[in-house]
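Trainee: no sequence on this one, just coordinates:
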């Protein structure tokens, strides 16, 4: 074997070892940090243990949203059109939260059939739309507050 060939084999071996080490480090302990994403039907069928933290995704059912500003509790139903799950979230809802929108909530299923969440994430597109000409930010804030008041 020539000196150049030996250097190429050594370099290829070193790259493979480095990639293997990187893969091991990136995948190690990954299982401890996984949070599963389930639909309401999957959650109901799985009979998830009360101590399992899961992500539940679906659409907020219109007419089910309530927000108690004093206790900072949001209550709503999430559906996948087959099964509906009642969700109680402790905390203020995200600004973009409303009925009929897709959400992912993270929490635990209670023995009473109510999903208790500590995190609500809304699905939305990333398109920014500036206010229309002549529209003031104060008017937008008032409209958001009015919409939230109607929902509670």
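Mentor: Done, it's in. What you see is a predicted model, and the numbers here were worked out from it, not measured in a lab. Numbers count the residues shown, from 1 in each chain.
Trainee: any idea how far whichever helix or strand residue 118 is part of is from the chain center?
Mentor: Following DSSP states H and E, one finds residue 118 within strand 114-122. With CA atoms, centre = their mean, to the nearest Å as the basis, strand 114-122 stands 8 Å off its chain's centre.
Trainee: and it, what's buried?
Mentor: Within strand 114-122, the residues scored as buried using 16 or more other CB atoms under 10 Å are 115-117, 120, 122. Yep, even glycine has a C-beta here, placed from its N, CA and C like the rest.
Trainee: which one of those residues is nearest residue 45?
Mentor: Checking the buried residues of strand 114-122 against residue 45 with CB to CB, the nearest one is residue 115 at 14.5 Å.
Trainee: not counting sequence-adjacent ones, nearest residue to the closest one?
Mentor: residue 87 (4.7 Å; CB to CB, 6 or more residues apart in numbering).
Trainee: okay, the one you found and residue 64: tell me how far apart.
Mentor: According to CB to CB, to the nearest Å, residue 87 and residue 64 sit 9 Å apart.
Trainee: could you do residue 119 as well?
Mentor: 19 Å.
Trainee: for residue 39, same thing?
Mentor: 17 Å.
Trainee: with residue 19 instead?
Mentor: Separation of residue 19 from residue 64 (CB to CB): 50 Å.
Trainee: now what about the top helix by length along the chain, what contacts it?
Mentor: Counting residues, the longest helix found in the chain (DSSP state H) is helix 3-27. Identification of contacts with helix 3-27 by CB atoms under 8 Å, 6 or more residues apart in numbering yields residue 1.
Trainee: so how far is that helix off the chain centroid?
Mentor: Helix 3-27 sits 38 Å away from the centroid of its parent chain (CA atoms, centre = their mean).
Trainee: equivalent analysis for stretch 90-109, please.
Mentor: 8 Å.
Trainee: how about stretch 71-86?
Mentor: With CA atoms, centre = their mean, you get 14 Å for stretch 71-86.
Trainee: and that stretch, which residues are buried?
Mentor: Quick answer for stretch 71-86 (16+ other CB under 10 Å): 74, 76-80, 84-86.
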